[in-house]
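Student: dropping a prediction and its sequence here:
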Amino acid sequence: MLVTSDDLRAAEDEKPFDHLPEWEQENRMTALDVVENFEKYIELPTKYEINEYEAMEDFSIRVSDQGKQDALLRAIKGKGAFRRFKDKIIDFEIEDQWYSYRDERFKQITIKWCHKNNIKYIE
C-alpha cells in the first residue's frame with residue numbers, strides 16, 4: 001500500500017478521518033502505523049536513486065549506429081530531455097529496445113535494494 005506524505009502529515013497531526021471514504025481511511029490507518037512504528041518500515045528508493053536520466057544516457061551509448069547514438073545523446077541535453085528522447089526512440093523505431101533495457105535496469109535496482117535490505121527477491 002502506498003502511503004503519501006499527505007497521509008503521513010495527517011497521521012502526525014492526528015486529524016480525524018472517519019468522514020473520509022473507506023479506501024482513504026485505510027491509507028490513514030496505514031500512515032498511523034508507519035508513524036507509530038517507523039522502525040518496522042523501509043523506505044523505497046527515490047526517483048533520484050533510480051535516475052532514469054542516467055539510464056537514458058547509458059542506453060544511448062549502447063546504440064550501435066553512431067548517427068542514432070549521437071542524436072540520442074544530443075536529445076538528452078538540457079530542458080525537455082525526456083520528451084526529446086522519447087521522440088527519438090520512436091523515430092528510430094527502437095522503443096521496444098529502450099523499454100526492455102529500462103525494465104531490466106529497474107529490475108536490477110530492485111534486486112540490489114532487496115539484498116541491501118535483507119528482503120528476499122522472488123522473480
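Tutor: That came in fine, so what should we check first? Since this is a predicted model, take the numbers as computed values, not measurements. Numbers count the residues shown, from 1 in each chain.

Student: so where's the longest helix in the chain?
Tutor: helix 95-116 (DSSP state H).

Student: per-domain residue ranges of the protein.
Tutor: Dividing the chain into domains by automatic domain parsing, as the record does, gives the ranges 5-40, 47-116.

Student: re earlier: not counting the longest helix of the chain itself, show me its contacts.
Tutor: Contact with helix 95-116 is made by 44-45, 49-50, 52, 55, 58-59, 62, 89, 119-121, as judged by C-beta atoms under 8 Å, 6 or more residues apart in numbering. Backbone N, C-alpha and C define where each C-beta goes, glycine included.

Student: check stretch 69-86 too.
Tutor: With contact meaning C-beta under 8 Å, 6+ apart, stretch 69-86 is reached by Glu52, Tyr53, Met56, Glu57, Phe59, Ser60, Ile61, Val63, Asp87, Lys88, Ile89, Phe92.

Student: what's around Asp7, how many residues?
Tutor: Residues lying near Asp7 (other C-beta atoms under 10 Å) number 21.

Student: next: Glu104.
Tutor: Neighbours of Glu104 under the rule other C-beta under 10 Å: 11.
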